[in-house]
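[1] generate a structure from the sequence data that follows.
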Amino acid sequence: MLSLLGMLLIGLVVGLIARAVKPGDDKLGWIMTALLGVAGSFLASYVGIAMGWYAQGDSAGWIASVVGAIALLVVYSLVKGKS
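    Numbers count the residues shown, from 1 in each chain. This is a model prediction of the structure:
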């Protein structure tokens, strides 16, 4: 339970940083921001392992997690803008 709470807290921080870096008004709540950060971290880890930048089990790092969250935020904005 503690690791899940820690993962969500780190995801919230990563999501907040990603929302601060990306320009525009993204109307996301706290929960969606945390989920965005967690998903960005997973995306960065997956891409890093697939490209050979990281080994299995290594953390992607803060910068890669923020970049992954920004990429997901851009995709979210594009999808939301089309509907």
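
[2] show me where this protein has helices.
    Assigned by DSSP state H, the helices in the chain fall at 2-21, 30-51, 62-82.

[3] tell me the angle the second one makes with helix 62-82.
    Same thing as helix 30-51. Counting by axes from the mean of the first three to the mean of the last three CA atoms, to 10 degrees, helix 30-51 lies at 120 degrees to helix 62-82.

[4] which residues are contacting helix 30-51?
    7-19, 28, 53-56, 58-61, 64-73, 76 (CB atoms under 8 Å, 6 or more residues apart in numbering). For the C-beta atoms, the positions are set from N, CA and C on the backbone; glycine is no exception.

[5] how does it look with 10 Å?
    Residues outside helix 30-51 that contact it (CB atoms under 10 Å, 6 or more residues apart in numbering): 7-19, 26, 28-29, 53-73, 75-76.

[6] I'd like the helices of the chain laid out as CSV, including mean neighbour count and mean pLDDT.
    Formatted as CSV, these follow (neighbours: other CB atoms under 10 Å; pLDDT from 0 to 100):
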stretch, mean neighbour count, mean pLDDT
helix 2-21, 16, 80
helix 30-51, 18, 82
helix 62-82, 16, 83
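
[7] any idea how far residue 36 is from residue 64?
    To residue 64, residue 36 is 15 Å away according to CB to CB, to the nearest Å.

[8] what do you get for residue 13?
    For residue 13, the distance to residue 64 - CB to CB - is 14 Å.

[9] could you do residue 50 as well?
    13 Å.

[10] likewise residue 22?
    16 Å.

[11] what of residue 72?
    13 Å.

[12] and if you look at residue 6?
    18 Å.

[13] repeat for residue 45
    Applying CB to CB to residue 45 and residue 64 gives a distance of 8 Å.

[14] name the residues contacting each of these two.
    53, 54.

[15] phi, psi of residue 53?
    Dihedral angles of residue 53 (phi, psi; degrees, to the nearest 10) stand at phi -80, psi -30.

[16] show the pLDDT at it.
    Looking at residue 53, its pLDDT is 82.

[17] test my guess that it contacts residue 64.
    Yes. If you go by CB atoms under 10 Å, residue 53 and residue 64 touch, sitting 8.2 Å apart.
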